[in-house]
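Peer 1: Based on what follows, work out the 3D shape:
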Amino acid sequence: MLEHRIKITGIGVMTPIAQTPDEFWRKLVEGAERVHLSGTTARPALSAETFRTYCERAIRACIQDAGLDCSKKGCILVGTGMGIADTAMLDENPPATFLSSIEEVVKQAAPYEVEVRVIANACCAGAQAIAYATDLLRMNQYDYVIAGGIEIFSYLIYCGFARLFALDKEGCRPFDRNRKGISVGEGAAFFALEKGATQKDYGSILGYAATHDAYHVTAPDPTGQYARTAIEKLLSRLRLQPRDIQGIIAHGTGTKSNDQVEAKVLYEIFKDQPGVTAPKCVFGHTGGASGAFSLLTAILALQHQCLPPIHHHKVADPQIHVQLVTKRAKDQAMERVLVNCFAFGGTNIAMICEKRPSREGRGKPYIRRHTSVSSDRFQGEFFTRFGGRLMDDLTKKVLLTMDDLFGSDYGCINGDRTGLVLSSNKGPYTAICQTADIVRRWGYKRINPSAFPYTMFSTALAQAAMHVNIHGPACCFLDSSHRGYHAIEYSFVQIESGHCDAMIEVYVDADGWTEGSYITI
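Peer 2: Numbers count the residues shown, from 1 in each chain. As a prediction, the model looks like this:
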């Protein structure tokens, strides 16, 4: 399936240690000192205002850099992993209020009126926003799309990962034998994406592929089956061979299992070529912004014809066989670079950047089945069907709506060619409030490690994917004012772009009712 070349014509980046692409690249090559928390609280000024500031600076820098014509039809796609927010933020804004207002915050960040969509799929949110933007442009929905990700430091997120024993006190050391976990980071990166003749061209996005493990709400599938499928599907779709990739920007979180699985998958496909690097060693794990940071790393690597090193990597892991770039940057002639992004909950996205023309599209989907579930039905036996399982109400409503949509008979579904999208106007706000209250009252050690994942929207997505064994594209939208429209639109675009043959869409309203649709060709 040939696709049109999507050009990156503008870049805006905002982090505590880099506010321009040049500064970002210098930190990637030279490294940066790790930041440590002092005491038991995050910075006192943390608030929704920090989110607004990062958004405004990165988005406006991106628009200015691209010289976009505001009279043309455009859109902003923002990815954020903010399934939960900091306790200080919750004190300012109840989570239901803040989560549903993110769309408005982003609109205010732009210097002119523009449509906004918010994707909240944990660590893949930024990558999915960018990937979806390429679909919308190829289908001529917009003249340009500004897409990227943002995450601000959250003490609550920090506490949750500490409770999961997923933080490394020595800092993030991707693929190191002694790696122990992530470093929590923050920042924002946005890209102006266009096709056709443009004044600027930083490079292009050739294509992407997305799958879902449907395996576990936090752990990756140890076989790496569907992470591998995403990469292989992308190479096949673009008619490329592994040898056509000259560099890899790994997800590289620094956790034992994630790095082991990713290295296994990369070696199975590419053997010990090409060079592999991981930017989280410098900027930390920036959640919903991490995919955007990885794309920026790829574009800058192509520009400089150089792969930055994995800083803090000291001891080789004998179980990891890929060619890691360590100690110093590696000059490398590159035409194409692979970017990996794997989310908490099982979403896998593979994206390839290059500077060549690419390719194009297909068919018309329709809504084959639809259901609406009123709030009074989420009572008694219907709602307690999953009563023995540790799930939040949002997840239960999603699963029950899917069962109602298909009559609990999923025999018509081809899981490998079916995708899943969830949307809600307030997200997992009940779980957020409960977890924040525990931290305020008793401290982070009282957080239930099994309950913490439900503060992230992507956990409901993971449970839904496992419920039906879905491995196609999977995404979450925070849809404050359109009541599921953005998710329906996403479903049609995924099918028309050839990423899957069918989509299951579920919208959960804060007032208790839900809607579900099965969309196919």
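
Peer 1: So the closest residue to Lys233 other than its chain neighbours: helix, strand or coil?
Peer 2: Distances taken as C-beta to C-beta, 6 or more residues apart in numbering place Ala209 nearest to Lys233, at 4.2 Å, with adjacent residues excluded. Heads up, the C-betas are built off the backbone N, CA and C, glycines and all. Under DSSP: H, G, I helix; E, B strand; the rest coil, Ala209 falls in the strand class.

Peer 1: ok, Ala209 touching Cys500?
Peer 2: No - counting by C-beta atoms under 8 Å, Ala209 does not reach Cys500; the two are 10.1 Å apart.

Peer 1: before we move on, back to that, the residue nearest to Lys233: how many residues sit nearby?
Peer 2: Look at Ala209: counted by other C-beta atoms under 10 Å, it has 24 neighbours.

Peer 1: Tell me the spacing between it and Cys123.
Peer 2: Distance, Ala209 to Cys123, by C-beta to C-beta, to the nearest Å: 17 Å.

Peer 1: again, but for Glu194
Peer 2: In terms of C-beta to C-beta, Glu194 sits 27 Å off from Cys123.

Peer 1: Settle it for me: which of those two has more neighbours?
Peer 2: The neighbour comparison of Glu194 against Cys123 (other C-beta under 10 Å) goes to Cys123, with 30 against 23.

Peer 1: Looking at the backbone only, give me phi and psi for the more buried one.
Peer 2: Backbone torsions for Cys123, taken as degrees, to the nearest 10, come to phi -70, psi -20.

Peer 1: hang on, it packs against Cys341?
Peer 2: Yes - under the criterion of C-beta under 8 Å, Cys123 makes contact with Cys341 at 6.7 Å.

Peer 1: got any residues that touch both of the two?
Peer 2: Listed as contacting both Cys123 and Cys341 by C-beta atoms under 8 Å, 6 or more residues apart in numbering are 251, 290-291.

Peer 1: Give me the three-state assignment for the residue sitting nearest the centre point of the chain.
Peer 2: Compute the mean C-alpha point of the chain, and by C-alpha atoms, centre = their mean the closest residue is Cys124, 1.5 Å away. Following three-state DSSP, we place Cys124 in the helix state.

Peer 1: thought it was touching Ala292?
Peer 2: No - using C-beta under 8 Å, Cys124 makes no contact with Ala292, being 10.8 Å away.

Peer 1: which residues are common contacts for the two?
Peer 2: By C-beta under 8 Å, 6+ apart, Cys124 and Ala292 have these common neighbours: Gly79.

Peer 1: and Gly160, how far is that from Ala451?
Peer 2: Taking C-beta to C-beta, one finds Gly160 at 10 Å from Ala451.

Peer 1: More neighbours: which of the two?
Peer 2: Between Gly160 and Ala451, counting by other C-beta under 10 Å, Gly160 is the more crowded of the two (23 against 18).

Peer 1: nearest residue to the more buried one other than its sequence neighbours?
Peer 2: Distances taken as C-beta to C-beta, 6+ apart place Phe452 nearest to Gly160, at 4.4 Å, with adjacent residues excluded.

Peer 1: repeat for Phe283
Peer 2: By the measure of C-beta to C-beta, 6+ apart, the closest residue to Phe283 outside its immediate chain neighbours is Gly185, 5.0 Å from it.

Peer 1: what about the one you found, neighbour count?
Peer 2: Neighbour count of Gly185, defined by other C-beta under 10 Å: 24.

Peer 1: Distance of it relative to Cys159?
Peer 2: Taking C-beta to C-beta, one finds Gly185 at 16 Å from Cys159.

Peer 1: which residues of the stretch 201-350 of the chain fall in strands?
Peer 2: Assigned by DSSP state E, counting those that start in this stretch, the stretch 201-350 of the chain shows strands spanning 204-212, 247-249, 275-277, 306-307, 323-324, 330-331, 336-342, 347-354.

Peer 1: Let me have those strands in CSV, adding mean pLDDT as columns.
Peer 2: Below are the strands of the stretch 201-350 of the chain laid out as CSV (pLDDT from 0 to 100):
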stretch, mean pLDDT
strand 204-212, 96
strand 247-249, 98
strand 275-277, 97
strand 306-307, 95
strand 323-324, 96
strand 330-331, 92
strand 336-342, 97
strand 347-354, 96
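
Peer 1: Understood, closing this out.
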